[in-house]
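Return a 3D structure for these sequence lines:
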Amino acid sequence: MPYTIEAETNDLTTIDAQGDLNPEAMPEAVDQLMEQTDAEDPGSLLVRLQHMDLGTLHTVASDWSRKAEFFALQKRFGKVAVLTDQPWVRQSAKMQAVALPDTELKVYDLADEADARVWLEKAPAETEAA
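Numbers count the residues shown, from 1 in each chain. Next up is the predicted model:
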């Protein structure tokens, strides 16, 4: 899976992924995220998923949503914005949000990255008032 993980700021990490997900690459990606984030000071995550393959995304999401690493990662992000070009990925991300009870998750079209970034930057109290 071609992906990149970048800590844009202390509070914002981005992941860009496209094509087939490689389940064997997940431990390395999780390690990178753990190194770049802090469980004591949760930040935000911006995920761009483009041209994803249904079978591999479903398999990886189903497998990883039950792992201890997934639960450890969720404590590192108070908000997650998913940008995608595919309706089925949008729906899948919304369903995965159920497994993230302590994390706010919103899904956006790829073209709406500016809106996603504005939402990620809002403090929780501002989000409730909006």
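
which residues in the protein form helices?
26-36, 54-64, 68-74, 87-96, 113-121, 124-129 (DSSP state H).

worst average pLDDT in these?
Among the helices of the chain, helix 124-129 carries the lowest mean pLDDT, a mean of 47.

For the spatially most central residue of the chain, name its beta-bridge partners.
Among the residues of the chain, the one closest to the centroid is residue 47, at 4.7 Å (CA atoms, centre = their mean). Assessed by DSSP bridges, residue 47 has beta-bridge partners residue 15, residue 82.

Could you report the pLDDT at it?
If you check residue 47, the pLDDT there is 92.

Test my guess that it contacts residue 89.
No - counting by CB atoms under 8 Å, residue 47 does not reach residue 89; the two are 9.9 Å apart. For glycine as for every other residue, the C-beta is placed from the backbone atoms N, C-alpha and C.

what residues do the two have in common as contacts?
residue 82 (CB atoms under 8 Å, 6 or more residues apart in numbering).

and residue 115, how many neighbours?
Residue 115 has 14 neighbours, counted by other CB atoms under 10 Å.

Residue 27 too?
When neighbours are defined as other CB under 10 Å, residue 27 has 12 of them.

OK, contacts around it?
Listed by CB under 8 Å, 6+ apart, the contact partners of residue 27 are residue 69.

Quickly note the distance from it to residue 73.
Counting by CB to CB, to the nearest Å, the gap from residue 27 to residue 73 is 12 Å.

and residue 37, how far is that from residue 95?
According to CB to CB, residue 37 stands 24 Å off from residue 95.

ok, those two, which is more surrounded?
Counted by other CB under 10 Å, residue 37 and residue 95 do not tie: residue 37 has more neighbours, with 19 against 11.

How about that one: what's its closest non-neighbour residue?
Leaving aside its sequence neighbours, residue 37 sits nearest to residue 76 (CB to CB, 6 or more residues apart in numbering; 4.0 Å).

just checking, that neighbour touches residue 30?
No - judged on CB under 8 Å, residue 76 makes no contact with residue 30 at a distance of 10.6 Å.

Enumerate every residue touching the nearest residue to residue 121 once chain neighbours are set aside.
Closest residue to residue 121 apart from its sequence neighbours, by CB to CB, 6+ apart: residue 44 at 7.7 Å. Counting by CB under 8 Å, 6+ apart, residue 44 touches 11, 12, 13, 77, 78, 79, 80, 81, 120, 121.
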